[in-house]
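Colleague: fold the following for me, if possible:
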Amino acid sequence: MKILVTGANGYLGQGIVKQLIEDNNEVIACDLSLDNVDNRAKKVQADIFSLTNPYEYFGEPDVVLHLAWRNGFVHNAISHMEDLPSHYLFIKHLLDGGLKHIAVLGTMHEIGFYEGCINENTPTNPQSLYGISKDALRKATFLLCEEHKAICQWIRGYYIVGNSHYGSSIFSKITKAVQEGKTTFPFTTGTNQWDFIDYNDFSFQVASIVEQKKINGIINSCSGYPEKLSNRVEKFIKDEGYKIKLEYGAFPDRPYDSKAVWGSNKKIMEILNEKNY
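Modeller: Model (predicted):
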């Protein structure tokens, strides 16, 4: 398949592009800069929001995986609301041009405060500008795809564990702190239970989703079970051999974070089982 990946130079994009290439796809990697993208991809440096016919511009790809998003870890950045119309128009232009299969990276923050297992029918009530914007884009994208009779896959991401200093997750920040020679790291109480998925597993799941057309709609990319934040972070520190200690209670828990939440892995397991078969 010929697959366009936007936001390819981002923390998540780098691993997903590599996995798609390993799966023998032709990958077009697009971002404002491409320094960290696998050299086997066709690199296109462009501002996607400035394109009026992106489908033609990128050589009519079979699938577009839209990862591009600013300030994903700054949940109340005004950029989420400012950029929303541009994301919508980019997707609209793709579909107007003839694209028949689009996948967009969503987030569990679309759900808002919730306790328990999240599936594709769980009501959304986002509590941050990031969640509100992603939730709005999801609804608009499904409307556009229905109008154009196109496949829509909304990949709802959870808590991704990786040791790259490029990202802004708790794990990336700890890695960066270690590289800077720090011996302690300010932390919350760590009592929340969330759905954690290792970076490579996440990349594999996302690639597997877009490489097939049978299972669509909202698809959780997740482990499928909750794990206590403190346990997962302590395990990460131990596994990486880091000599750093957590300062519990240095930061308050965010009021909009759920105490225990995880994704249903029913659909992603169906996709992975089919791929392995």
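
Colleague: walk me through the domains of the chain.
Modeller: 2-160+195-225+261-276, 163-193+227-247 (automatic domain parsing).

Colleague: and the last one, what's its mean pLDDT?
Modeller: Okay, so that is domain 163-193+227-247. The average pLDDT within domain 163-193+227-247 is 91.

Colleague: ditto for stretch 255-268
Modeller: On average, the pLDDT along stretch 255-268 is 90.

Colleague: buried set for it?
Modeller: 257-258, 260-265, 267-268 (16 or more other Cβ atoms under 10 Å). The C-beta positions use only the backbone N, C-alpha and C, and glycine is treated the same way.

Colleague: quick one, helices of this structure?
Modeller: With DSSP state H, the ranges of helices along the chain come out as 11-22, 54-57, 79-97, 129-148, 170-179, 199-210, 229-240, 266-276.

Colleague: identify whichever of the ones you listed lies nearest to residue 162.
Modeller: Among the helices of the chain, helix 199-210 comes nearest to residue 162, with 3.2 Å by Cβ to Cβ.

Colleague: number of nearby residues for residue 59?
Modeller: 12 (other Cβ atoms under 10 Å).

Colleague: so how far is residue 186 from it?
Modeller: 47 Å (Cβ to Cβ, to the nearest Å).

Colleague: just residue 178 next, same as before
Modeller: 14 Å.

Colleague: with neighbour numbers in mind, choose between the two.
Modeller: Neighbours were counted for residue 178 and for residue 186 using other Cβ under 10 Å; residue 178 has more, 19 against 12.

Colleague: next up, the contacts around the closest residue to that one other than its chain neighbours.
Modeller: Closest residue to residue 178 apart from its sequence neighbours, by Cβ to Cβ, 6 or more residues apart in numbering: residue 242 at 4.8 Å. Counting by Cβ atoms under 8 Å, 6 or more residues apart in numbering, residue 242 touches 174-175, 178.

Colleague: nearest to residue 30, of those?
Modeller: Lowest distance from residue 30 to those (Cβ to Cβ) belongs to residue 175, with 26.7 Å.

Colleague: what number of residues lie near the closest one?
Modeller: Neighbours of residue 175 using other Cβ under 10 Å come to 22.
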